[in-house]
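**Q** here is my input, please return the structure:
(2 chains)
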Protein chains: 2
Amino acid sequence: MNHDEILESIVKRNNAKIALIIMDGIGDIRNPKFNNKTPLEYAKTPNLDQLASEGVLGRLLPVSYGITPGSGPGHIGLFGFDPMSVLIGRGVLEAVGLGIELNDNDVAARCNFATMDSDMNITDRRAGRIPTEKTIELCDILSQIKSIDGVDIDITPGTGHRFVVVFRSKNHKLGANINDTDPQVEGRPTLVAEGSDEASQFLASVVNKFIAQGLELLKDYPLTNTFLTRGFSEKPKLPSMRERYKLEAAAIAGYPMYRGIASLLGMKLLDSPQTIDGLFDVYQENWQKYNFFFIHVKGTDQAGEDGDFLGKVDCIEQLDKGLTKLLKFKPDVIAVTGDHSSPVPMRSHSFHPVPLLITSRLSGTDNAFFFDENSCNTGALGTFESKYLMTLLLANAKKLNKFGA
Amino acid sequence: MNHDEILESIVKRNNAKIALIIMDGIGDIRNPKFNNKTPLEYAKTPNLDQLASEGVLGRLLPVSYGITPGSGPGHIGLFGFDPMSVLIGRGVLEAVGLGIELNDNDVAARCNFATMDSDMNITDRRAGRIPTEKTIELCDILSQIKSIDGVDIDITPGTGHRFVVVFRSKNHKLGANINDTDPQVEGRPTLVAEGSDEASQFLASVVNKFIAQGLELLKDYPLTNTFLTRGFSEKPKLPSMRERYKLEAAAIAGYPMYRGIASLLGMKLLDSPQTIDGLFDVYQENWQKYNFFFIHVKGTDQAGEDGDFLGKVDCIEQLDKGLTKLLKFKPDVIAVTGDHSSPVPMRSHSFHPVPLLITSRLSGTDNAFFFDENSCNTGALGTFESKYLMTLLLANAKKLNKFGA
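**A** Take a look at the predicted model:
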């Protein structure tokens, strides 16, 4: 038996409630400009430190040593799947990030408007980075194409020059093993879409017709007279949180991408609050109805990517204040961690293990009393792969039977 | 995808330089005779402690919990291969340790002179442990056999009663799936060589003829009138450091075995210095030409195996002094660790995890400030398998792209 098979054989329902608070990109490295502290070390976090002293600390490895994860692999691991095996395609991630609901047999592609010359060679792969409003207008025009060969075509504008196309069919099996039509370099024509199996060959022929019809509609717009398609992909076949963990799960997340990932796992999407404090208002309104809450804080990652140390500190302190509302209706198990690190000095996602805190009646306590990177290094949980976190939370919630006699 | 496939998809070239300093057998256990300290705790190491306070610490597990590695598995892990899957045969390890260059289709065997009685039963498997000079003389005699059935035979004396035979052929495919002819116990005759596939059957017949002809040549030397062959093996098919990591790698190592392992990985072998200080002279002469340096210190292992606590301390302090020369032309990423532990009280290789230090602009810092076993236990890197070290070094050198969107 492997870990997943054991888990399946021992998981059971009970009423215990789990809150998993994800501070996106929370991990950091010490910053010489701020007393050689990390944002977590610098921030005033009485609630987090109280939880740390009541519980146990450790560090999560999102994928593996030295691997910097994107948001997809980062979250897939947190929800107990192997992020090396369960890959969310770029088209799907972009689609769910725009709030598009995907069904089986849907294929999504991320697209962008581009410029080509009279020989049909691409001269600008991003069409001069046109603004979102222009993309909305052009998507309206392309949306005249409703269906080709029994395949419905659903076009959704994104930000800047980007948009998403979802192909849907009730009559045909669609496949996503289709190459990008983006030639990757300028000075060359777009590539012809080709499928590597029968269902993908069928959809590739539809894609080629869609591109030909689209070019006809765009011919009077010289700056945006073509578009490139990439990342053809289908919704990964994932069990829901109810199927896998017997949990009634709800997501409280303001950002579409994280709502999208939650929806792939069958979580109920609760109201989308605009502030960190608002996340916990939504929790208070719903705490009785579910027994698993995925609460997602985006600001820590944004501040990290912006290189904004004090912004990250502020976001952490807001989260800490918000926790007061959570603690009023305290779940049986509270975990605080991130999907990856985004250190301020790097202004990007990174490979550094992520601080982790778990507290429950069963968690025990250790000698690490503050929720920061260096306390977490010495905590009872050690460093382990994110994909094992869910099992540990279920164990803390007494939702797992003994394995073996 | 697995770890290796992900690595292959994200690795990129840049100019950042990495130095990996291997102190062979560095890990130890506390010694009651020396204030209950380990050699690393006892030694005065201002440079290592400075690097420790600037970087992060942890411990490496060469193969797995409780497994004591030989030099082969120990180094194979450090260079990012799974030492449980990539096995360097004993014949090959002995051959590269003697500086013999091996090509595809070469088969190497380690051999030793032995004594047999008139019934051809082995009476001494080590021929009274004859000195190296005697072995050189006997190898000269055996070297009269130049070729059998189109297979060239290349004999190289080793230390004591040991020697290596390499079989080479341009016309025949040679196989190494051949049993040892060493009967393992005295009082029995040598075994007949048998191959378990066609290419090995062919070479086994050559081996048997070689032994018969050799016995004829040795018949006037009663103490060394036979020899035993063991560890038939071929060069493992490993990608070079350039192929796998896009690194221009150089090895600075005084001992043939480590030069041999480096050559199996396509590293450039730089001058072979006789002192620890000399390792860093070679580094200074070459630091601009490569972006990965494998610097190997042998003395720590020798002192461990000799049970020489102060010898190990002295070697560590010499390394620490030598680091001054490295720091003058400081690489972007510095890692210091070992291929395994060789604790002084055990006088042998051991299973204990090995101290590890990594420092770079991205490494971050932790609360472990001294490069010794017990500080390393509390560092930010935790304890992990050696095979992941290379990925972490590449990440610190910004030589890896993000995985997934």
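
**Q** what number of residues lie near A:Asp140?
**A** 11 (other C-beta atoms under 10 Å in any protein chain shown). For glycine as for every other residue, the C-beta is placed from the backbone atoms N, C-alpha and C.

**Q** I should have written A:Phe293 there, sorry.
**A** By other C-beta under 10 Å, 25 other residues sit near A:Phe293.

**Q** quick one: secondary structure of it?
**A** strand (DSSP: H, G, I helix; E, B strand; the rest coil).

**Q** if we ignore the residues flanking it in sequence, what's nearest it?
**A** For A:Phe293, ignoring the flanking residues on the chain, the nearest one in space by C-beta to C-beta, 6 or more residues apart in numbering or on different chains is A:Ala19 at 4.6 Å.

**Q** am I right that the one you found falls within a helix?
**A** No. Counting by three-state DSSP, A:Ala19 falls outside a helix, being strand.

**Q** specify the local secondary structure of A:Leu228.
**A** strand.

**Q** now it, nearest residue through space, not along the chain?
**A** In space, A:Leu228 is closest to A:Asp182, 3.9 Å off (C-beta to C-beta, 6+ apart).

**Q** and that neighbour, how far is that from A:Ala114?
**A** 8 Å (C-beta to C-beta, to the nearest Å).

**Q** and what of A:Asp106?
**A** Counting by C-beta to C-beta - A:Asp106 and A:Ala114 are separated by 24 Å.

**Q** which ones are touching A:Pro273?
**A** A:Pro273 makes contacts with A:252, A:254, A:279, A:281-282, as judged by C-beta atoms under 8 Å, 6 or more residues apart in numbering or on different chains.

**Q** if you set the cut-off to 7 Å instead, what comes out?
**A** A:Pro273 makes contacts with A:254, A:279, A:281-282, as judged by C-beta atoms under 7 Å, 6 or more residues apart in numbering or on different chains.

**Q** A:Ala52 now?
**A** A:357, A:368-371, A:375.

**Q** which members of these are the farthest-apart pair?
**A** The distance between the two most remote of the contacts of A:Ala52 (C-beta to C-beta) is 10.8 Å, for A:Leu357 and A:Phe369.

**Q** who's more crowded, these two?
**A** Between A:Leu357 and A:Phe369, counted using other C-beta under 10 Å, the more crowded position is A:Leu357 (26 against 14).

**Q** quick one: what helix or strand has the more buried one in it?
**A** For A:Leu357, the element it lies in under DSSP states H and E is strand A:354-360.

**Q** just checking: what are the partner strands of that strand?
**A** Paired neighbours of strand A:354-360 in the sheet (DSSP bridges): strand A:56-61 (antiparallel), strand A:333-337 (antiparallel).

**Q** let me have these in JSON lines, extended by mean pLDDT, distance to B:Leu247 and mean neighbour count.
**A** Formatted as JSON lines, the strands paired with strand A:354-360 follow (pLDDT from 0 to 100; distance: least, C-beta to C-beta, whole Å; neighbours: other C-beta atoms under 10 Å in any protein chain shown):
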{"stretch": "strand A:56-61", "mean pLDDT": "98", "distance to B:Leu247": "24", "mean neighbour count": "25"}
{"stretch": "strand A:333-337", "mean pLDDT": "98", "distance to B:Leu247": "33", "mean neighbour count": "26"}
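
**Q** for the stretch 301-405 of chain A, what lies in contact range of chain B?
**A** Residues of the stretch 301-405 of chain A lying close to chain B (C-beta under 7 Å from any C-beta of the partner chain) are A:346, A:349, A:351-352, A:374, A:377-378, A:382-383.

**Q** buried ones among those?
**A** A:346, A:349, A:351-352, A:374, A:377-378, A:383 (16 or more other C-beta atoms under 10 Å in any protein chain shown).

**Q** one step back: pretty sure the residue nearest to A:Phe293 sits against A:Leu326.
**A** Yes. With contact defined as C-beta atoms under 7 Å, A:Ala19 reaches A:Leu326; the gap is 6.3 Å.

**Q** neighbour-wise, which of these two wins?
**A** A:Ala19 (25 against 22).

**Q** got the contact list for the more buried one?
**A** Counted by C-beta under 7 Å, 6+ apart, A:Ala19 has contacts A:293, A:295, A:326, A:331, A:334.

**Q** tally of neighbours for A:Thr275?
**A** A:Thr275, neighbours per other C-beta under 10 Å, totals 12.

**Q** list phi and psi for it.
**A** Backbone torsions for A:Thr275, taken as degrees, to the nearest 10, come to phi -130, psi 160.

**Q** what's the separation between the residue of the stretch 101-250 of chain A found nearest chain B and B:Asp117?
**A** Here the stretch 101-250 of chain A gets closest to chain B at one residue, A:Gly231, 7.9 Å apart by C-beta to the nearest C-beta. From A:Gly231 over to B:Asp117 the distance is 75 Å, taken as C-beta to C-beta.

**Q** compare the two (neighbour count), which wins?
**A** Legend: neighbour count by other C-beta under 10 Å for A:Gly231 and B:Asp117, higher for A:Gly231 (21 against 14).

**Q** picking that back up, which residues touch the strand holding A:Leu357?
**A** A:26-27, A:40, A:51-52, A:54-60, A:62, A:332-338, A:340-341, A:371-373, A:376, A:381, A:392, A:396-397.

**Q** could you look up the next helix or strand downstream of it?
**A** Using DSSP H and E, the first helix or strand after strand A:354-360 is helix A:373-377.

**Q** from the chain's centroid, how far away is that following helix?
**A** Relative to the chain's own centre, helix A:373-377 is displaced by 25 Å; criterion: C-alpha atoms, centre = their mean, to the nearest Å.

**Q** output the contacting helices and strands for it.
**A** strand A:56-61, strand A:354-360 (3 or more C-beta pairs under 7 Å, 6 or more residues apart in numbering or on different chains; DSSP states H and E).

**Q** who does the next helix or strand after that helix pair up with?
**A** Downstream of helix A:373-377, the next assigned helix or strand under DSSP H and E is strand A:382-385. Strand pairing for strand A:382-385, using DSSP bridges, gives strand A:56-61 (parallel).

**Q** contacts for the strand it pairs with, please.
**A** Here strand A:56-61 has contacts from A:337, A:353-358, A:363-366, A:368, A:375-377, A:379-386, A:389, using C-beta under 7 Å, 6+ apart.

**Q** what is the burial count for the nearest residue to A:Ala199 once chain neighbours are set aside?
**A** Leaving out its chain neighbours, the residue that sits closest to A:Ala199 by C-beta to C-beta, 6+ apart is A:Gly175, at 3.2 Å. When neighbours are counted by other C-beta under 10 Å, A:Gly175 registers 20.
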